[in-house]
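> sharing a sequence plus its predicted fold:
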There are 2 protein chains.
Amino acid sequence: MKNNIRELRKKLGLKQEDLATIVGVTRQTINAIENQKYNPTLELAMKLAKLFNTTVEELFILDK
Amino acid sequence: MKNNIRELRKKLGLKQEDLATIVGVTRQTINAIENQKYNPTLELAMKLAKLFNTTVEELFILDK
DNA sequence: AAGAAATGTAAAAAACTATTGACATTTCTT
DNA sequence: AAGAAATGTCAATAGTTTTTTACATTTCTT
């Protein structure tokens, strides 16, 4: 599963820590997700999609 | 977080066990999600949305 | 080049999701 | 009403996500 959170985050001029506090997680969680260490929970994925004004399906790409 | 998996599953004429095997989890997992015991992982949510030909955002409603 | 800011990373623990096997209850069918 | 099918549920276990604390490395700014 891929995602393009880093690009979208930078477009908004946010650092990892900013994004983390906005969606209510820690900086390490955002960092781990951007670096594909693991996938977020559904709730976090939806919060992120909402913030970036996009959909979960556009933000996260399920690979076959 | 709410979801309307039960309705969509029934529309397709599937039992919990059918849906479970289609998306690669157990019957208990589908049952727990339909009954709001916990939320699925992002991956499972996306598989379900795809199967029901809808989006994660339409299938799962983040409550405030 | 130096200091500051941002990002990367690691280990341990907490919290959550999923599995398995089993049995109870409800709903459907006859 | 009885049996079958489907759903509900529970306990134990395994795997995954998130937190916390802490430090290392990279990137930005002066």
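Now that the structure is in, tell me what you want to look at.

> can you report how many residues lie near the closest residue to chain B within chain A?
Here chain A gets closest to chain B at one residue, A:Val56, 3.9 Å apart by Cβ to the nearest Cβ. No exception for glycine: its C-beta is placed from N, CA and C like everyone else's. A total of 24 residues lie near A:Val56 under the criterion other Cβ atoms under 10 Å in any protein chain shown.

> OK, contacts around the closest residue in space to it that isn't next to it in sequence?
Distance criterion Cβ to Cβ, 6 or more residues apart in numbering or on different chains; nearest residue to A:Val56, sequence neighbours excluded, is B:Val56 at 3.9 Å. Listed by Cβ atoms under 8 Å, 6 or more residues apart in numbering or on different chains, the contact partners of B:Val56 are A:42, A:45-46, A:49, A:55-57, B:45-46, B:49.

> all strands for chain A, in order.
A:2-3, A:60-61 (DSSP state E).

> so which bits of chain A are right by DNA strand D?
A:20, A:24-26, A:28-29, A:32-33, A:38-41, A:44 (Cβ under 7 Å from any atom of the strand).

> restrict the residues you listed to contacts with chain B.
Filtering the residues of chain A next to DNA strand D for neighbours of chain B using Cβ under 8 Å from any Cβ of the partner chain leaves A:39-41.
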